[in-house]
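Chemist: Could you look at this predicted model? Sequence included:
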Amino acid sequence: MAEDNIIELKNITKRFDDDGSIAVRDFNLSVRRGEFVTFLGPSGCGKTTTLRMIAGFDMPTEGKILLDGSDITLLPPNKRPINTVFQRYALFPHMNIFENIAFGLKLKKLPREEIVNKVKHVLDLVDLEGFEERSVATLSGGQQQRIAIARALVNEPKILLLDEPLGALDLKMRKEMQIELKAMHQQLGITFIYVTHDQEEALTMSDKIVVMNRGSIQQIGTPEDIYNEPKNAYVADFIGESNIFKGIMTGKLKCRFCGGEFVCMDDVDEGTLVDVVVRPEDVILTAPEEGTVVGTVTAVTFKGMHYEITVESGKYEMVIVSTRAQKVGDTVGMCLEPDGIHVMIAEDHTTRFEATVTADLKLDYNGKTIECDICDIIPGSRIVEGVLTDSAGSAIDTDRLKVHVSIEPGDIEMSDDVDAGLTRGHIINLIYKGDHYCYVVRTDHGHDLIVDDEYLWNMGDQVGLILPEEKMSFALKK
Amino acid sequence: MKYRFTRKQLAIPYALFLLVFVIAPLVVIISYALTGSDGHVSLKNLAGFFSDPNTMGTLLYSLMLALVTTAVCLLIAYPVAYALAFSQIKRRSVILLLFIMPMWINFTLRLTALKEILTLIEGNLAFHPFLNSVIGMSYDFLPFMILPIYNQLERMDKSLMEAASDLGADRKQVFLRVTFPLSIPGVVSGIAMVFLPAMTNYVVLEMLYNSTYIMGSLIGSYFSAYDWHGGSMISLILLALICIFTLLGGGNKEENARGGSLV
């Protein structure tokens, strides 16, 4: 039911004025009343920017924000019934705890007695009774965090926004606060929108998780959905440990990957290229002769509750979690139950760009020449005395000619020499896919392209991208 | 084997400096102030200062001049510092530099230029001696007011202002309840840096043809008349005044010290 949504974000896009970079791209989300929603993603994925737009600190470039059905897109923060818990608490250092918490109430001109009661009540709620007269500087990080929560909650907001509120706390404190926040959420019935980069935190606390990457929503779902049914390789890689392989559907509910054929539960058309996600805890180790795939143990790490075992099978590598230890060098078999295999249709990672035709009838991309025979691209064309002519013999205007060039991720090579290839860029993301790494390289022109490479490069590495002409396919732009 | 200095040994040069240039002159001033021309200890100089209507008049005039100058500087500097600290303009360091740059030009040259401009506007500088002195001093001391306030505002955690607005404060309330109270250390050190020089810097007055004495010129006049005792007493009184103002304004010492940093 639509009226059950407390807040709706419609086609929100945020472009920063100073450099034109896009922080959030076409973001659509509905939050139900009383829900605990978490924005999850690495730093720079746009989660905090989205939160700031809900709070009113940033205005979206495009799109609308509806609160209880009414448009609040351009409303300043002080006019929104929404309160924020800031990452670094943002308690006012020139006020004591009482004044900090009473700040919003005093602005509303409530009677003094009511303010005192409300402050006492929220201090009770965050377990800091009697702290009214203390100064901010005398509190520990955890206590400051609680005061920040109290200061937001005392205004009885319709939505509470929390921007990585536990990021500055130590592990033990963080775990405690996670449980307390969850309890508070259940007790108060206020809608919480929570931002974190910690996937475990998100899985523990949320009713709904929004996984974000590079400004776009990757997946929205319950913690179980996100963990068990990741929508793409990015989500699978970000949430929990996972083995990701390239595979192909070989029949109904049959999938071939990692050198073996497995029965799976996802009905995908035969012949489709897929990404397969296998969680380490779903791999069953067996005797070599019983396994679907056989491999050699290359590493065993004791992790307290379990062992983390790395098995190499041919050119593939699989990480397995098991309560039983294995010896390095042992040969083991591996099996998978159908529900332990998650199949996703592989995304199309082909790089496409446009090239122009130069006067000497070569292809040009950003000032670099692509060696190829233009007559192969335009059917029936010939070069007659340096002039390109079509099959009928009349000259073709090369100035207006554009050629689509495409190349597969596996055909692009990366080089240390940044000027070695057609273009260059830096690595902004990498995912290990069993036998190779899948890189996202952002070129200096701001384009992202996908490169498959068997060697390990680091995040942020500057690389030259060599696009071999013989691997390119060309098509004339109509 | 390398010789390693101990902390104490490293402190010796500074201690010597302090002794020669701070402690010794202070001792000399105090001893002169508290003795008469006959060499005997007396409080005659002190009594003389407070009973002489001329010196008291000078003290009042200096206070007035310093007060008005400080107020003018503050009124100009705060909005400038605020705009610089919070605006989105890209090259704000360049704009800041524009305000600081006059400090790099020789002081007398600047005042001469100002004198010419004021003469052009007013015709004769003698008509508005007080006003001219305020203008001259404000022009001179403005950077010393802008910098500490700018530093304080610029360093402020912007999320505090966002938090205030988030809790329901409109722009005016955000300023009055959060931004301004938190910028007070900068304002205090700005005042300290403008008010005290404004009481003594008589060169400004002299160059702008204001013949009224202020505290600085008063001390100078005693010394040039070889009255070391009376001059020292006035210096001492001024020092006491400075101490009182600093103590009054510097309630939050630590932040004040940071707010005072110029660069």
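Modeler: Looks like it arrived, so ask away.

Chemist: residues from the stretch 151-263 of chain B in reach of chain A?
Modeler: Selection of the stretch 151-263 of chain B residues close to chain A by Cβ under 8 Å from any Cβ of the partner chain yields B:157, B:159-160, B:162-170, B:173, B:177-178, B:181-182. Quick note: C-beta positions are derived from backbone N, CA and C, even for glycine.

Chemist: Name only those of those residues that count as buried.
Modeler: Listed as buried from these are B:157, B:159-160, B:162-169, B:173, B:177-178, B:182; burial here means 16 or more other Cβ atoms under 10 Å in any protein chain shown.

Chemist: before we move on, back to that, among the residues of the stretch 151-263 of chain B next to chain A, which ones are in strands?
Modeler: If you go by DSSP state E, these have nothing in strands.

Chemist: can you map out the helices along the stretch 1-150 of chain B?
Modeler: With DSSP state H, counting those that start in this stretch as the criterion, the stretch 1-150 of chain B has helices at B:7-18, B:24-33, B:44-51, B:53-86, B:92-100, B:107-122, B:129-155.

Chemist: pretty sure A:Leu273 is touching A:Met344, no?
Modeler: No: in this structure, A:Leu273 is not within contact of A:Met344 by Cβ atoms under 8 Å, at 10.4 Å.

Chemist: and the two? which has more neighbours close in?
Modeler: Applying other Cβ atoms under 10 Å in any protein chain shown to A:Leu273 and A:Met344 shows that A:Met344 carries more neighbours, namely 20 against 13.

Chemist: List the beta-bridge partners for the more buried one.
Modeler: A:Asp275 (DSSP bridges).

Chemist: For the stretch 1-150 of chain B, what lies in contact range of chain A?
Modeler: Within the stretch 1-150 of chain B, the positions adjacent to chain A are B:Gln88, B:Lys90 by Cβ under 8 Å from any Cβ.

Chemist: For the stretch 51-200 of chain A, what lies in contact range of chain B?
Modeler: Within the stretch 51-200 of chain A, the positions lying close to chain B (Cβ under 8 Å from any Cβ) are A:55-57, A:76-78, A:82-84, A:86-88, A:90-94, A:103-104, A:107-108, A:151-152, A:155.

Chemist: just to revisit the earlier point, please list the members of the residues of the stretch 151-263 of chain B next to chain A that lie in helices.
Modeler: Among those, the members found in helices (DSSP state H) are B:Ser159, B:Leu160, B:Glu162, B:Ala163, B:Ala164, B:Ser165, B:Asp166, B:Gln173, B:Pro181, B:Leu182.

Chemist: Tell me which two of these sit farthest apart.
Modeler: B:Asp166 and B:Pro181 (17.7 Å; Cβ to Cβ).

Chemist: low-scoring pLDDT stretches of the chain, where are they?
Modeler: Answering for chain A, as no chain was given. Counting by pLDDT under 70, the low-confidence segments of chain A come to A:1-3, A:478.

Chemist: please go with chain B instead
Modeler: Along chain B, the model assigns pLDDT under 70 to residues B:1, B:249-263.

Chemist: you'd agree A:Ile54 is in a strand?
Modeler: No: going by DSSP: H, G, I helix; E, B strand; the rest coil, the assignment for A:Ile54 is helix, not a strand.

Chemist: Touching, it and A:Ile6? I think so.
Modeler: No: here A:Ile54 does not reach A:Ile6: they are 10.9 Å apart, not a contact under Cβ under 8 Å.

Chemist: So these two - more neighbours on which side?
Modeler: Taking neighbours as other Cβ under 10 Å, A:Ile54 and A:Ile6 compare with A:Ile54 leading, 25 against 21.

Chemist: any idea how far the residue most central in space within chain A lies from chain B?
Modeler: Centrality entry for chain A: nearest residue to the mean C-alpha point is A:Asn213, 2.9 Å, by Cα atoms, centre = their mean. Using Cβ to the nearest Cβ, to the nearest Å, we find A:Asn213 at a distance of 25 Å from chain B.

Chemist: Would you check that that residue makes contact with A:Gly44?
Modeler: No: counting by Cβ under 8 Å, A:Asn213 does not reach A:Gly44; the two are 9.5 Å apart.

Chemist: Just give me the neighbour total for residue 21.
Modeler: Picking chain A for this. Neighbour count of A:Ser21, defined by other Cβ under 10 Å: 11.

Chemist: ah, I was thinking of chain B
Modeler: Residues within reach of B:Phe21, counting by other Cβ under 10 Å, total 10.

Chemist: In PyMOL, how would I select just the buried ones from the residues of the stretch 51-200 of chain A next to chain B?
Modeler: Selecting only the buried entries of those in PyMOL, with 16+ other Cβ under 10 Å as the criterion:
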select buried, chain A and resi 55+56+57+77+78+82+83+84+86+87+88+90+91+92+93+94+103+104+107+151+152+155
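
Chemist: Mind checking which of the residues of the stretch 51-200 of chain A next to chain B are in strands?
Modeler: Among these, the members found in strands (DSSP E) are A:Ile82, A:Asn83, A:Thr84.
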